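Engineer: Give me a 3D structure for the following:
(one chain, ligands or ions: 1)
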Amino acid sequence: MSETVKLESVRARIDAIDDEILRLINERAQAAQEVARIKRAAGEDGDLYRPAREVEVLNRIGAANGGPLTDEDVIRLFRELMSACLALQQPLQVAFLGPQGTFTQEAALKHFGHGIRALALESVDAVFREVESGNADYGVVPVENSTEGVVTHTLDCFMVSPLQIVGELELPIRHCLASKETDWSAICQVFSHPQGLAQCRAWLDQHLPGVQRLPVSSTAEAARRAAETPQSAAVAGQAAMQHYGLTVLYSNIQDGAANTTRFLVLGDHSPPPTGADKTSIVVSRADKPGGLATLLAPLVRYGLNMSRIESRPSRQGMWQYVFFIDILGHAEDSNLRRALDEMQQLASLLKILGSYPRAAR
Ligand SMILES: O=C(O)C(=O)C[C@]1(C(=O)O)C=C[C@@H](O)C=C1
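Structural biologist: As a prediction, this is how the structure comes out:
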């Protein structure tokens, strides 16, 4: 058989496989519509999104995958498939820290897939407000970066908001230098979010010494400014560059190879336990004798693990602190429930910010 004939026969096989996949994904979509009918008949006319079920589906697919596609690839494909199925049932409105092209938008699309109606907002406060008012079903905001630490404003918003954390995800942050200029010796100014500038500090010192660094409200805004300002460049992600038609002059300019940002998903109710959950709380022991060790004792007693602890000034008085703590487990798990009840007795403030499935890959 000649190479051309062989190629045609393999392509014919691919076409037949695609027809079968097409038939099956539509059969799956019909099954999802059937699920929606059952939920509505049972009186669940609110939100049909089930994050715990989605995590179960994705974990099962990841575990069943025999390659050659990577687990990450098949999970991404099934995430999009479920997103399209959910959009058929009821499209979700998801608010995120915009504008278009931010890493937070990338995080929202990674978490919910492209079937959502995405709403770009100008601030973290606006994301909280839109979800609180019910204009958006969910919100996505950044909370901490592996190089630059916590986004303190997000934690502050949680202190006063009735919203719950309903999910989390991590995104590797890869910055590039992009411009309308093609010759980078012409560049006199670089725009970025302060965290973008900080995350690429060593690279900028080495490659663009003496070039003015201008902090702006987001990496996407940096790309917009670079698009309209001659002799300037932006430090931002690929999505922002594409959105504003910039040419990438240099990729992967972040100083830390493992530069990752963690994002939180906000909603108005906690999802049920999945068996691999995390609970976030904010706790303080102001005006009481004994300190952090006393507050944490119940966690030790019930054999619970913390994955993060962060202290912040409480803003209620000098030298008083609140602690943001992530604990492995769900607030409905009996051990964690008991530990939280005991902590409540010891604390002057204890707020459960939410129990949610741990970040998937
Ligand atoms: O299992 C459900 O509850 C469904 O609605 C189906 C489905 C899916 O496509 O698998 C769709 C949306 C939900 O968020 C979870 C899963």
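Engineer: list the contacts for the residue nearest the centre of the chain?
Structural biologist: Nearest residue to the geometric centre of the chain (C-alpha atoms, centre = their mean): residue 263, 3.5 Å. Neighbour list for residue 263: 104, 107-108, 111, 140-143, 168-171 [criterion: C-beta atoms under 8 Å, 6 or more residues apart in numbering]. Heads up, the C-betas are built off the backbone N, CA and C, glycines and all.
Engineer: Does the residue in the stretch 151-300 of the chain that the ligand sits nearest to fall in a helix, a strand, or a coil region?
Structural biologist: Using C-beta to the nearest ligand atom, residue 271 is the residue of the stretch 151-300 of the chain that sits closest to the ligand, at 10.1 Å. Reducing the assignment at residue 271 to three states with DSSP: H, G, I helix; E, B strand; the rest coil gives coil.
Engineer: where's it relative to residue 168, distance?
Structural biologist: 12 Å (C-beta to C-beta, to the nearest Å).
Engineer: For these two, list the residues in contact with both.
Structural biologist: Going by C-beta under 8 Å, 6+ apart, residues that sit against residue 271 and also against residue 168 are residue 356.
Engineer: which helix in the chain runs the most residues?
Structural biologist: helix 3-41 (DSSP state H).
Engineer: Next up, the contacts around the residue of the stretch 151-300 of the chain closest to the ligand.
Structural biologist: Contacts of residue 271 (C-beta under 8 Å, 6+ apart): 50-52, 166-167, 355-357.
Engineer: how deep is residue 240 tucked in, by neighbour count?
Structural biologist: 30 (other C-beta atoms under 10 Å).
Engineer: Mind checking which of the contacts of residue 263 are in strands?
Structural biologist: Using DSSP state E, the subset of the contacts of residue 263 located in strands is 140-143, 168-171.
Engineer: wait, what's in contact with the closest residue to the ligand within the chain?
Structural biologist: Going by C-beta to the nearest ligand atom, the ligand is nearest to residue 85 of the chain, at 3.5 Å. Residues counted as contacts of residue 85 (C-beta under 8 Å, 6+ apart) are 28-29, 32, 115.
Engineer: next one: residue 114
Structural biologist: 80, 83-84.
Engineer: sorry, back to before: reformat the contacts of residue 271 into JSON lines and put pLDDT and neighbour count next to each item.
Structural biologist: Below are these laid out as JSON lines (pLDDT from 0 to 100; neighbours: other C-beta atoms under 10 Å):
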{"residue": "50", "pLDDT": "89", "neighbour count": "16"}
{"residue": "51", "pLDDT": "85", "neighbour count": "20"}
{"residue": "52", "pLDDT": "84", "neighbour count": "19"}
{"residue": "166", "pLDDT": "93", "neighbour count": "23"}
{"residue": "167", "pLDDT": "92", "neighbour count": "26"}
{"residue": "355", "pLDDT": "95", "neighbour count": "25"}
{"residue": "356", "pLDDT": "92", "neighbour count": "26"}
{"residue": "357", "pLDDT": "88", "neighbour count": "24"}
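Engineer: could the residues you listed go into CSV alongside distance to residue 196 and secondary structure?
Structural biologist: As requested, the contacts of residue 271 are exported to CSV (distance: C-beta to C-beta, whole Å; DSSP: H, G, I helix; E, B strand; the rest coil):
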residue, distance to residue 196, secondary structure
50, 35, coil
51, 30, helix
52, 34, helix
166, 27, strand
167, 25, strand
355, 32, strand
356, 28, strand
357, 29, strand
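Engineer: Can you tell me which of those is closest to residue 67?
Structural biologist: residue 357 (25.1 Å; C-beta to C-beta).
Engineer: Which strand residues bridge that closest one?
Structural biologist: Per DSSP bridges, the residues bridged to residue 357 are residue 277.
Engineer: And it, how far from residue 57?
Structural biologist: From residue 357 to residue 57 the distance is 12 Å (C-beta to C-beta).
Engineer: Quick check: mean pLDDT of stretch 149-163?
Structural biologist: In this model, stretch 149-163 has a mean pLDDT of 85.
Engineer: my guess is residue 273 meets residue 334, correct?
Structural biologist: No: judged on C-beta atoms under 8 Å, residue 273 makes no contact with residue 334 at a distance of 10.8 Å.
Engineer: any weak-confidence spans in the stretch 151-300 of the chain?
Structural biologist: 287-290 (pLDDT under 70).
Engineer: hey, where'd the strands end up in it?
Structural biologist: According to DSSP state E, counting those that start in this stretch, the stretch 151-300 of the chain carries its strands in the segments 164-172, 176-179, 189-192, 212-215, 232-236, 247-250, 260-267, 277-284.
Engineer: any chance of those strands in JSON lines, plus distance to residue 7?
Structural biologist: Converted to JSON lines, the strands of the stretch 151-300 of the chain look like this (distance: least, C-beta to C-beta, whole Å):
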{"stretch": "strand 164-172", "distance to residue 7": "36"}
{"stretch": "strand 176-179", "distance to residue 7": "36"}
{"stretch": "strand 189-192", "distance to residue 7": "47"}
{"stretch": "strand 212-215", "distance to residue 7": "52"}
{"stretch": "strand 232-236", "distance to residue 7": "41"}
{"stretch": "strand 247-250", "distance to residue 7": "34"}
{"stretch": "strand 260-267", "distance to residue 7": "41"}
{"stretch": "strand 277-284", "distance to residue 7": "49"}
